[in-house]
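1. no sequence on hand, only this structure:
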């Protein structure tokens, strides 16, 4: 069943028992009914069609969280356009590859948006003509870096998104009585795949924030009085600054706090439980798979564990020797299920390398306890996750090596209380660096800029010449 059909169920059921069209979304101080959201996206779809976009074309969207982002996504889903969200922290270097690879028919940024909105305003908000859509059609193309630094587009289908949302709705008991406060960026599958789809299919009430701001977070919780919140570890660290009386009051009205996109330190979970009276529910997902494993809604939410497989998601752990691991034995997590992506855009080689007999090799290392709980212990690659964003050191290293002052460079993760991990660069210099950090900020997303540049005489290497990065990491 395609997403258009799923969402039509919400838009067709937009009236309450008194026959009134009720609000489904709050944005920037305004409220919008599901009927208005439906009509807005219909007008946007007609505006895109007038620009020549049709089923299978790619639409790149480079916007911060806003209602127009939702308009564009729904317009794409309804017409079969493939939606390509782009991280707004990306700069020209990163953007150029995505635009070259995705070959979009249209790129929408904050600069171009007003003209497109003016065109949409002249269109009809009535229901759109039917389009032949299959549940295996790509709904979105979400770019995720590889360990080689080459960014690949993961093709997520209508089925992937629908299965993921229905899994979360049933597992986390999301209903139309919930009030969802959504702060993560919509260009990330955390908010797009989980938040947006759960909201639309469960038909709950959502307040969308442009971003999480710890200075105003308390007012958002007190003003909106949510029952449901999706966040990343860095957000929960900031929420620990909430005064105890206010935290207790917020906790009384909340039903569920969910955390993902990066490992949640057990200490933060315990501190949050003491302050808010809630045990954060931690889960595990990926861009290519959406959600895979979750701590239970009812039952033990185990600190340090990501929990149990979601419905219809199969998990096995493969040892370095290629055998299925026994309970307690460490290996790589492999996944299979209807949530797994279709493949990498125009990268059949990468797609074939990622799958074995229908099982997706995640690259994440973990183990399974005897009672079925999974714990992640690291990554096969040297991926850095900072504030929920994936950072592959190779990309930063390649940029540093382009600079005239740099002889060699290696980038590793350093633990950080707020962001989980941050990148640190170890550099062998040819000459004294001049404004290197500023050059990084001009060419790389801000979360990829090294926290520090450590000077080193030479990089440690093994007999095969491979850099031994573990020798560069400072002891915790």
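-> Okay, I see it. Just so it is clear, the model here is predicted, and its values are computed rather than measured.
2. tell me where the stretch 101-250 of the chain has helices.
-> Using DSSP state H, counting those that start in this stretch, the helices of the stretch 101-250 of the chain run over 113-121, 158-171, 189, 197-202, 217-224, 233-239, 244-253.
3. tell me which of those helices sits most buried.
-> Neighbour counts (mean count of other CB atoms under 10 Å) averaged over each of the helices of the stretch 101-250 of the chain peak at helix 189, with a mean of 30. Using the backbone N, CA and C atoms, a C-beta is placed for each residue, glycine as well.
4. is it true that residue 335 lies in a strand?
-> Yes - assessed with DSSP: H, G, I helix; E, B strand; the rest coil, residue 335 lies in a strand.
5. and it, how close does it get to residue 359?
-> From residue 335 across to residue 359, the span is 7 Å (CB to CB, to the nearest Å).
6. repeat that for residue 73.
-> Note on residue 73: its distance to residue 359, by CB to CB, is 30 Å.
7. same question, residue 103
-> According to CB to CB, residue 103 and residue 359 sit 30 Å apart.
8. ok, those two, which is more surrounded?
-> Comparing residue 103 with residue 359 by other CB atoms under 10 Å, the one with more neighbours is residue 359, at 18 against 13.
9. return the backbone torsion pair for that one.
-> Backbone geometry at residue 359, expressed as degrees, to the nearest 10, gives phi -90, psi 130.
10. just residue 24 next, same as before
-> Dihedral angles of residue 24 (phi, psi; degrees, to the nearest 10) stand at phi -110, psi -20.
11. number of nearby residues for it?
-> If you count neighbours by other CB under 10 Å, residue 24 ends up with 23.
12. residue contacts, it?
-> For residue 24, the contacting residues are 10, 14, 32, 33, 34, 37, 199, 203, 204, 205, 206, by CB atoms under 8 Å, 6 or more residues apart in numbering.
13. pass me the low-pLDDT residue ranges in the stretch 251-400 of the chain, would you?
-> 378 (pLDDT under 70).
14. tell me where it has strands.
-> Assigned by DSSP state E, counting those that start in this stretch, the strands in the stretch 251-400 of the chain fall at 256-259, 281-286, 290-294, 308-309, 314-318, 331-336, 343-344, 355-356, 359-368, 374-379, 384-386, 389-391.
15. neighbouring strands - and their directions - for the fourth one?
-> I take that to be strand 308-309. Strand pairing for strand 308-309, using DSSP bridges, gives strand 290-294 (antiparallel).
16. equivalent analysis for the second one, please.
-> Sheet partners assigned to strand 281-286 using DSSP bridges are listed as strand 256-259 (parallel), strand 290-294 (antiparallel).
17. show me how far the longest helix belonging to the chain is from its chain's centre.
-> When the chain is parsed with DSSP state H, its longest helix is helix 34-50. Distance of helix 34-50 from its chain centroid, counting by CA atoms, centre = their mean, to the nearest Å, is 25 Å.
18. with respect to residue 41, which of the strands of the stretch 251-400 of the chain lies nearest?
-> Shortest distance between residue 41 and these, using CB to CB, is found for strand 290-294: 21.9 Å.
19. tell me what angle that closest one forms with strand 314-318.
-> Orientation check (axes from the mean of the first three to the mean of the last three CA atoms, to 10 degrees): strand 290-294 against strand 314-318 gives 80 degrees.
20. just give me the least confident of the contacts of residue 24.
-> Within those, pLDDT reaches its minimum at residue 14, with 59.
21. let me see the domain layout of the chain.
-> Here the domain parsing of the chain from automatic domain parsing is 3-211, 283-379, 384-471.
22. mind putting those into a markdown table with distance to residue 260?
-> Below are those laid out as a markdown table (distance: least, CB to CB, whole Å):
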| stretch | distance to residue 260 |
| --- | --- |
| domain 3-211 | 6 |
| domain 283-379 | 5 |
| domain 384-471 | 8 |
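23. figure out which of those domains is closest to residue 232.
-> domain 384-471 (3.6 Å).
24. distance between the closest one and the chain's centre?
-> Centroid displacement of domain 384-471 relative to its chain, using CA atoms, centre = their mean, is 23 Å.
25. change the start of the numbering to 235 and stick with it
-> Got it, the first residue is 235 from now on, which makes the last one we talked about domain 618-705.
26. start and end of that domain, how far apart?
-> End-to-end distance of domain 618-705 (CA to CA, to the nearest Å): 16 Å.
27. what about the strands in the stretch 235-384 of the chain?
-> Under DSSP E, counting those that start in this stretch, the stretch 235-384 of the chain gives strands at 257-261, 264-267, 292-296, 316-319, 340-343, 372-379.
28. and the fifth one, how far from the chain's centre?
-> The reference is to strand 340-343. Per CA atoms, centre = their mean, the displacement of strand 340-343 from the mean C-alpha position of its chain is 20 Å.
29. give the buried residues for that strand.
-> For strand 340-343, burial by neighbour count (16 or more other CB atoms under 10 Å) applies to 340, 341, 342.
30. any idea of the mean pLDDT for that strand?
-> Taken as a whole, strand 340-343 has a mean pLDDT of 98.
31. quick one on the thing from earlier: any chance of the strands of the stretch 485-634 of the chain in TSV, plus distance to residue 474?
-> Formatted as TSV, the strands of the stretch 485-634 of the chain follow (distance: least, CB to CB, whole Å):
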stretch	distance to residue 474
strand 490-493	12
strand 515-520	16
strand 524-528	23
strand 542-543	27
strand 548-552	32
strand 565-570	30
strand 577-578	38
strand 589-590	41
strand 593-602	27
strand 608-613	23
strand 618-620	19
strand 623-625	21
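32. wait, what's in contact with residue 627?
-> Applying CB under 8 Å, 6+ apart to residue 627 gives the contacts 616, 618, 644, 645, 646, 657.
33. again, but for residue 456
-> Residue 456 touches 480, 483, 484, counting by CB under 8 Å, 6+ apart.
34. give me the nearest residue to the last one, chain neighbours excluded.
-> Distances taken as CB to CB, 6 or more residues apart in numbering place residue 455 nearest to residue 484, at 4.9 Å, with adjacent residues excluded.
35. quick check: that neighbour vs residue 446, distance?
-> Distance, residue 455 to residue 446, using CB to CB: 11 Å.
36. got it, and residue 663?
-> Distance from residue 663 to residue 446, counting by CB to CB: 37 Å.
37. mean confidence score for stretch 461-481?
-> 95.
38. stretch 411-425 too?
-> Averaging pLDDT along stretch 411-425 gives 96.
39. now that stretch: buried residues?
-> 412-425.
40. now do stretch 527-544
-> So stretch 527-544, judged by 16+ other CB under 10 Å, has buried residues 527, 528, 529, 535, 536, 537, 539, 540, 541, 542, 543, 544.
41. reformat those into TSV and put distance to residue 346 next to each item.
-> What follows is those, written out as TSV (distance: CB to CB, whole Å):
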residue	distance to residue 346
527	39
528	38
529	42
535	44
536	47
537	46
539	45
540	40
541	42
542	45
543	42
544	38
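42. among those, which two are most distant?
-> 537 and 544, at 19.8 Å, using CB to CB across the buried residues of stretch 527-544.
43. where's residue 501 relative to residue 649, distance?
-> Using CB to CB, we find residue 501 at a distance of 12 Å from residue 649.
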